[in-house]
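*Asks:* with the sequence up front, the predicted model follows.
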Amino acid sequence: MSATKISRTNKEVVLGFIEEVINQKRLDRFDEYFAPGSVYHTGPYVGMGFNFDDSSGEKLVLVEIAPGGPADGKMKLGDELLSAQDGQQFWESFDDLRYSTWPRGIVGTPVTVRVRRDGEIVDIRLVRGLIPGWAAPIHKEFFQQYLLVDCPDLRVTVEYILEDGDMVIVYLTNQGTEAKYQRQAVWIEFDLYRVKDSKIVESWGLEDTFGHLKQLGYQIEPPSM
């Protein structure tokens, strides 16, 4: 007699992911919950529409460009950021470029960035714009880094969960200790998932990042004029 596959409700899929992958740290179960090509939708913001990799500790290398954003068609993946200026300020050091909010500002204001591209120095004029957000691939590697290294004791409690067709919304309480700072934090989060054939294909999220960072000891200062 062949085994009968038990189908799960969409709500059960999301609950299973939270319990097995996040709380139990069963990364081997990741592919049981996420479909190939699943994506996370980032939120809107004012800026340039790109992300840099700063993991080398020495240079910033462009790794993502938002479709339709100010950088789309002007910057290229692999560009190394060297400096930025907007007529009022100039940013050149690695830390200034990495930590300052120079890409942010008022829609329509220009910024000139200097990059190293294929061994040549290129100046690019960009104009700050409204980035509607974009669909970023969901990688198991992100969960591996955060759940096993950055916050290995993270525990998620589901406070409320609602299912409507292929959509599932969940309100969570997160609690965990950041290994780097050895400080514990508790913060809330809302997530929205779209489930198809018992696997997550899309997700959206909103969490209390400000409260989380304050508990870790970060200090929020007003931007320089």
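*Replies:* Sure, I can see it.
*Asks:* use CA for all of it now, contacts and neighbours both
*Replies:* Will do.
*Asks:* for the protein, give me the ranges with low pLDDT.
*Replies:* Residue ranges of the chain with pLDDT under 70: 1-6, 223-225.
*Asks:* what's the domain layout of it?
*Replies:* The chain breaks down by automatic domain parsing into domains covering 10-42+134-216, 45-131.
*Asks:* what's the end-to-end length of the last one?
*Replies:* Right, domain 45-131. 5 Å (Cα to Cα, to the nearest Å).
*Asks:* ditto for the first one
*Replies:* Start and end residues of domain 10-42+134-216 are separated by 34 Å (Cα to Cα).
*Asks:* can you give me the offset of that domain from its chain's centre?
*Replies:* 12 Å (Cα atoms, centre = their mean, to the nearest Å).
*Asks:* could you tell me which residues make contact with residue 11?
*Replies:* Shown in contact with residue 11 (Cα atoms under 8 Å, 6 or more residues apart in numbering): 161-163, 168.
*Asks:* mind checking how far the closest residue to residue 106 other than its chain neighbours is from residue 46?
*Replies:* Of all residues not flanking residue 106 in the chain, residue 128 sits nearest, at 6.6 Å (Cα to Cα, 6 or more residues apart in numbering). Distance of residue 128 to residue 46, given as Cα to Cα: 7 Å.
*Asks:* buried ones in stretch 213-225, by neighbour count?
*Replies:* residue 216 (16 or more other Cα atoms under 10 Å).
*Asks:* can you start the count at 868 instead of 1 from here on
*Replies:* All right, first residue 868 from here; so that's stretch 1080-1092.
*Asks:* neighbours of residue 1066, how many?
*Replies:* Neighbour count of residue 1066, defined by other Cα atoms under 10 Å: 21.
*Asks:* wait, residue 942
*Replies:* Residue 942: 20 surrounding residues under other Cα under 10 Å.
*Asks:* same question for residue 934.
*Replies:* Around residue 934 there are 16 residues (other Cα under 10 Å).
*Asks:* tell me how far it lies from residue 941.
*Replies:* Noted for residue 934: a distance of 11 Å to residue 941, by Cα to Cα.
*Asks:* related to what we said a few turns ago, got a markdown table for the domains of the chain, with distance to residue 1089 too?
*Replies:* Formatted as a markdown table, the domains of the chain follow (distance: least, Cα to Cα, whole Å):
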| stretch | distance to residue 1089 |
| --- | --- |
| domain 877-909+1001-1083 | 14 |
| domain 912-998 | 11 |
